[in-house]
Each structure stands twice: as structure tokens, then as C-alpha cells.
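Asker: Sequence and predicted structure below; questions after.
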Amino acid sequence: MTTTMEPVRVAVPASRGLLDRVLKMRELAILAVLVLMLAATQIDNSAFLSQQGIKDLLLNATILVLVAVGEAMVVITRNVDLSVGSVLGITAFAAGDFLQGGGNPLLAVVLAVALGAGFGLLNGLLVSIGQVPALVVTLGTLYIIRGIDSIWIGSREITAGVLPTGFIDFGHNGLSALPYLAVLAAAVLVAVAYFLRNYRSGREFYALGSSPEAAGLAGVPVRRRILAAYIACGALAGLAGALYLARFGNVDSGTGSGYELTVVSAVVVGGVAFTGGSGSVYGVALGALLLTSINSVLPSIGVSSVWVQAIDGILLLVAIAVDRILALRVAGILRKRAAETRSARHG
Amino acid sequence: MTHPEPDPVPVLALEGVSKSFGAVRALRGVSLQLFAGEAHALAGENGAGKSTLIKALAGVHRPDEGTVLLDGEPVVFHGPADARDAGVAVIYQEPTLFPDLSVAENIFMGRQPRRSFGRVDHRAVHAATADLFRRLGVDLDPDQPARGLSIADQQLVEIAKALSFDARVLIMDEPTAALTGSEVARLFGVVRSLREEGAAVLFISHRLEEVFALCQRVTTLRDGAWIATEPVAGLGEDDLIRRMVGRDLDELYPKLPAEVGAVALSVRRLTREGVFTDVSFEVRGGEIVGLAGLVGAGRSEVARAVFGVDRWDGGEVEVAGKPLKPGAPSLAMAAGLALVPEDRRAQGLVMGMSIERNIGLTGLRATSRAGVMNRGSERSRAVDWAVRLQVKYARLGDLVGTLSGGNQQKVVLAKWLATSPTVLIVDEPTRGIDVGTKAEVHRLLSQLAGQGVAVLMISSDLPEILGMADRVLVMHEGRIAAELDRAEATEQSVLAAATGVTGRAA
């Protein structure tokens, strides 16, 4: 048999980066909607994007961005963490209680992060060792943590008055229009994105979500990675809890209740597929920014805020519909290209 | 054929290994020795324990009894990563890729070259992948996502993955099932050079001629037990089959002449954009029509469109003179069509359901009254067909996933035959099935044709096409390139049409 060892060179146009382009398109689409919405609002109400206006937009988004980035890590591994709202509530109160007793603000933040990581560890252990579906496990811990929260806090609440002024200032001030909290969230965002893109363990998160069986056969330490994703998610929810305290100064036993749904919306709108293995945290941050901005946009163009939730829901459905249509189109493109490559190869 | 004397100490070996899954004893005291510089074949019917043996070597399963020896020392592999680190590369029968990730990432997952601070060196990953593909003579883009690759291309990615670390032991479980002749030749070239460089190779294939072409020694398993280990030289195909089956085989292609009736399936100018074009053919009652062609020629896609799984863009399909609606499998079923798909694990069966329920899926209407299922009649329907096809099972309530490949295929057949179809489309009915079951499936198809069923059989197994079909349709690049009578159809004429040498000008 005389087969030449030189491969048949086939011109495959636009194959390179097709995936990248589609993903970028996804992120660009959210960015476009966001910019369009803000621009339209600005035209309608010129006070909207004042220095204070921008600062408010960023401040509002900060906490959601942090929690959503953590959630995205879990969703990328084809799991979900529904307990983030409860974790945010209990860590915010823990940090407040510690500060109320005269604790160091930095230590309070560390405490909140550690407590969050601890709950993440619990979720991760239940999901990875217990092999129980994440939806059920974290729904359980959602209620358990909320229950602990209620028993511990009772009718007490933390108010801004009992907190150190430096801590509250940190939560409100910034470099002109750029709040400190947003800088912190952006730093976390960039770090997580860099980790997911450039580290073996980060890539393994995607591998795991894309095909758990294949990941096992490729020697990916499946349980350890799932555990790590949950710990990171819990830690970020804890950090968000501490920042929530700094920003709002007011925490009671209901804080963060129902927040998990907003978080999951931000993740999905941001383009992280619920089936795992795809999406980026930048997209998720944009999704969070989009969702929180709507809350500010509607009042400033004179729409009643009762519409906010309905519009969030519509946005969610649109995002999923767009994903589905894109996926079908990509499948079509791949199909056509496969046919072209094939005829080029055999022709 | 000359090859270096095997090193007396085997690189990797199993000694008295047993493994059970529940009541099923998959391996019973099996020993196997793989030497550097030698290609070793593993033969046996499906269900003989070959896959379990591989998984024991690869660290997926830990043996219940016996030991794994690496360079003569006992080792325990705690997982696939351990085996990989010891230099054992495995190409599994079913490609296991990450659909969302690029081909390059698929190959180097967990082992990516790194730069400073442990960061993945994406450029090096890309370059190394391009290099591997060049070595294999494969034309794939390293940055392309694995999703959308054909099975053959997926298999090539798996092969590249196994080659990517300098394996001391290369294990290949049916790597050639989906490959074309030239791709197989190229793979063998690479395997031979690896072997000459001192790697030990363990090779599994149901194509016995490949075993003879590539390997020096062969170990045969039957029912989880070791039967023989012997040099390939001096062994005939018949000898090997006898060891595998444990008895002399009846005729492998028991084709009976059948009376050809009226046109049962008529396909006219069927087109699905970018997949197949202008496909026309007829199948008559009592006839077995073979559909041959290379992998990717569009054969399965035609079958899927005819059955209504995929839509078509143009043309028409008639069953017994009545037109079928596009994209409606339930109407196709009602019209008497049945499709036994190519991939029994993903398309033919619900792996997490019992044998009984899998067979029952095609008869939910027949076995229920006013929407409420009657478990008794479902069961008796399943028993009836499972017995007729001689499915080997412990209990009907067992998960279908616990059966061997051949028995799974019989369950798929049972599931469809239970609908009493007038037109039966079978796609690769004997892929990955042992010789014994293969002959049984052939006998069954022949019987069905004798009863007046129109059979359309898609197969990449040329002897099967030539042995079973009354007429052969050959597809090439999405078109019917030739239609050959049983008398005209030879290995040469079919291959020529399939590769585009005859038929339309290429």
C-alpha cells in the first residue's frame, strides 16, 4: 500500500476560532444590549449617567457579580449551588456581629470568606462524595443555613450605626465614579477568568462539565475539582456577604433570601450553559451588570418598578432562546463544513 | 516477519485476575503478559471480558483477585491517572471526548505543557497537536471544537491522545471500527513504528485480518476465562474463531433465497442540504438491500431521514405506496417502518432502563389501555421476543447496560421486531458484535426477508454486504454512486464505487 504520509491540505475557511467567535458574539451581544439600554436611558434622562449615577450602577452590580462568578464556576462543572443566598445572609450577619463586638474590619471580611468557604465545603462534600444531584443537595442546604440563620439571629439586626465608620466608608466611597467595591469585584473577576483560562485545574472545570465520564477517563480528579468549585463559590458568597454589610450596613435574618434566583439568572443570561462546560465569567459579569442596571433604568425612565421582575424573566428566556438558536446555527455550519471538507478530501 | 526477541520481563502483566460485577463474573483468573516491542492481540466474543481486562490494565477497575504487574513488580492503579503516569495509553472503543473543548485541549487535558507560574502554554498545546496530526497524516484543525466531529475523526483524536504521551504500553480497543482503509493503514504504520521503538501494544479488533496483519501473539478469552496464548504465525482465521466461539461455526452468512414481492419502501430524489443529495432507491418485500459506502458517505443520514428522525429538504418517501411525512418517526412507525440505529448505546437503548422496559418502549400503545400501561402484557411481549432472539440475561428486570454488546444489539432488534414492521432498516447491525452473535443476526435477517419483510441493511463490513444482500447500493459523498446486483457485487466493484473511482467522475 502506497499512502503518502503527507496530509492532504484542505482549505478550511473560518474554521479557526469559530467557537471563540461564537462565544465572543455571546458576550458582545450582552454588552450591546447593555450599552443600548444605558444610552437610551441617558438620552431620555440626562442625569442618569452622572458620576453618582455610574457609581450607583457599579455598586449595585458588585455584589451580584461576585456571587455570580462563584456560581458560574459551579455551573461550568455541570452542578449548581442554590444556597448562595443563605450563605450571603449568614456571612453578612457573622461579619456584622464580629464588628459590633469591636472586631477588626479586615478580620471580619476574612471571617465571612472562611465561613462561606466552609459552607461551600459542606455542599461540595455532599455533591461529590454523596453523588446526590446538586439541585437537591443545595436546595437542602439553602433551607438548613437559612434555618441556622434564623435561630441564631432571631429578631436581632445589624445596623450601620454599630459598624466602624471606616468599614462603611469603604462600602460607599471610591476613586471618583469607581467604587472600591467595584475595583475589588473586578480584581476577583479577572483573577477567576485568568485561572479558568490558563491553569490546568481551571481547564479541568470545563472538561468536567463537558463530559464527566471522559473527565474521569482522562484522569481528572473529578471529586476534588467539584469540591474546589463549591468552596470557591461559597468563599465568594462569603466575600459578597461582607461587602453587602459594608454597602448596606443593615442585615437581619431575611438578608439574601431568594437571592440565588437572581444569581442563577445572571449566570444564564451571561452565557454559561446549564449543561456545563461552556461560557465565561466575563459574560456572567456582564449578565449581572445587565440585570442590576435594569433595576436602575426603569425608575429613571418612569416605568414602575413592579415591571422589574417580569423584565428579568423575559431577559432570561431571550438569553436561552438566543443560545439555542446560536447552537443550531453552529451545528448547521459545522455540518456544511464537514461536507465541504469531506468532498475536498475525497474529491 | 522479523521482530526483536521479547524482553523476558513483561512491561505490563496481569496475574490470575478476577473481577465480578454483581452476579456477573466478567474475568476469571486471567493472566496476560505484554512485552516491549511486541503487538499482542486480544481475541474473544463480545462479553468474553476483553473490555473488563482493558479497564483493569487502565486503572478503571481494580481487580477483585490477582495482581497487576508493572516491570515485574506488583502495582495498584487507583485510577486512570495512575495508569497514565505509568505510561499506559488506552484508546477506548467509544470515543470519550469533551464536546465543548477544542481538539487540542481534548488531547492534552490535565497534561498541558506549562509556562511560568504553572500557566498552560496554549501555543505549545496547539503546536504539539498540529505535530501529532502531521505524524498521523490527519487533516484536523487543533482549535476546532470536538462537537460536530464525525466518529472517524473522533477516533483519530483519541488515537492522537494516546500517542501524545510516549506510552510504554498502548492499548487499543477496536480503534479501526470507524476508520477508512487508508486511515487504518496509516494508524498501523504509526503503531508499528511505536512497537519498533520498544512500546508494548495490546490490540483488539473484530476484523481478524487486522489481527493477523499487526500482531505477533494472540490471547483468546471466552466467558471471562483464559483459553490460549499463542504466536499468530501459523494460526488460521478458522482456528482463532474456533477458540473464541468454542465450537465450529455454522455458515456466517446464511442467506436464503426469498420470494421478492411488491415495492415496500420507495425513496425518490431525497435531499438534505449538505448531507446527501438526490438519493433514489426501492426496497421490495422479501429483499435484503445492502447500503455500502465509506464512513461519512451519508448512509446513516439517509436512514435517519427516511425514518423521520431528521428532516429532509426535498424528495419523497413512500411506504407501501403511501407517502410519509418528513420529520415524523411516530407516523413512520405506524406505516410499518422500523430503524435499528447505528449506535446502540446512545440511540438504540435507554441504558438505565431494564431489558423489559427497553423492549416495551415501541409498544406502549399496544400494551396499555386508556393510557394506563399493563405491566403483564408488556412483560409477556418482552419475554416473547427476548426468547425468540435468544438474548442471554439473568432477569428481564436487569438494566440493559449490564448486558454484553451482542446481547444489547439483540434487545434493540427485539424492540423493533416486536412492532412487526414491513420495512426494517438496520444500520451496522453487527458492529462490535462477536462472530457467534453475528451469524445469529444474519440468520434472523434472512428469516425476516423470507417472511416478506423488506430489509435495508447499512454496513461497513464488506463481506457482510456481499454475503447477505440481494442488491447493493453504494453511496459516495452523499449520492448513490452505484447499484449492483448480487452477481455483479464484488469487493472490487463496491470499493471502486465507494471511493468514487467509478460512478460519477471525481
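Answerer: It's in. Note that this is a predicted model, so its numbers are computed, not measured. Residues are numbered from 1 along each chain as shown, chains lettered A, B, ... in the order given.

Asker: in the stretch 201-350 of chain B, which spans are strands?
Answerer: Taking DSSP state E, counting those that start in this stretch, the strands of the stretch 201-350 of chain B run over residues B:217-222, B:225-231, B:263-272, B:276-284, B:288-293, B:314-319, B:322-323, B:337-340.

Asker: okay if I get these as a markdown table plus mean pLDDT, mean neighbour count and distance to residue B:165?
Answerer: Using the backbone N, CA and C atoms, a C-beta is placed for each residue, glycine as well. Converted to a markdown table, those look like this (pLDDT from 0 to 100; neighbours: other CB atoms under 10 Å in any protein chain shown; distance: least, CB to CB, whole Å):
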| stretch | mean pLDDT | mean neighbour count | distance to residue B:165 |
| --- | --- | --- | --- |
| strand B:217-222 | 91 | 22 | 25 |
| strand B:225-231 | 92 | 15 | 28 |
| strand B:263-272 | 94 | 20 | 40 |
| strand B:276-284 | 94 | 19 | 39 |
| strand B:288-293 | 93 | 27 | 35 |
| strand B:314-319 | 93 | 18 | 48 |
| strand B:322-323 | 93 | 10 | 55 |
| strand B:337-340 | 95 | 25 | 38 |
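
Asker: what's the closest non-adjacent residue to residue B:430?
Answerer: In this structure, residue B:430 finds its nearest non-sequential neighbour in residue B:438, 4.4 Å apart by CB to CB, 6 or more residues apart in numbering or on different chains.

Asker: show me where pLDDT drops low in the chain?
Answerer: No chain specified, so I'll use chain A. Counting by pLDDT under 70, the ranges of chain A that qualify are A:1-24, A:334-347.

Asker: meant chain B, my bad for not saying
Answerer: For chain B, the stretches with pLDDT under 70 are B:1-7, B:22-24, B:46-47, B:151, B:177-178, B:246-251, B:432, B:434, B:501-506.

Asker: could you list every residue that touches residue A:220?
Answerer: Taking CB atoms under 8 Å, 6 or more residues apart in numbering or on different chains, we find residue A:220 in contact with A:204, A:207, A:208, B:81, B:109, B:110.

Asker: now with 6 Å?
Answerer: If a contact means CB atoms under 6 Å, 6 or more residues apart in numbering or on different chains, then residue A:220 has A:204, A:207, A:208, B:110 as its contacts.

Asker: same question, residue B:398
Answerer: Residues near residue B:398 by CB under 6 Å, 6+ apart: residue B:355.

Asker: and it, how far is that from residue B:344?
Answerer: Computed with CB to CB, to the nearest Å, the distance linking residue B:398 and residue B:344 is 16 Å.

Asker: and what of residue B:377?
Answerer: Distance of residue B:377 to residue B:344, given as CB to CB: 25 Å.

Asker: what do you get for residue B:84?
Answerer: Using CB to CB, residue B:84 is found at 29 Å from residue B:344.

Asker: Surely residue B:279 and residue B:268 touch.
Answerer: No. Counting by CB atoms under 6 Å, residue B:279 stays clear of residue B:268, with 8.7 Å between them.

Asker: which residues are in contact with both of the two?
Answerer: Joint contacts of residue B:279 and residue B:268 (CB under 6 Å, 6+ apart) do not exist.

Asker: Surely residue B:453 touches residue B:424?
Answerer: Yes. If you go by CB under 6 Å, residue B:453 and residue B:424 touch, sitting 5.5 Å apart.

Asker: Got phi/psi on residue B:140?
Answerer: In terms of degrees, to the nearest 10, the main-chain angles of residue B:140 are phi -130, psi 150.

Asker: Can you get me a residue count around it?
Answerer: Neighbour count for residue B:140, taken as other CB atoms under 10 Å in any protein chain shown: 24.
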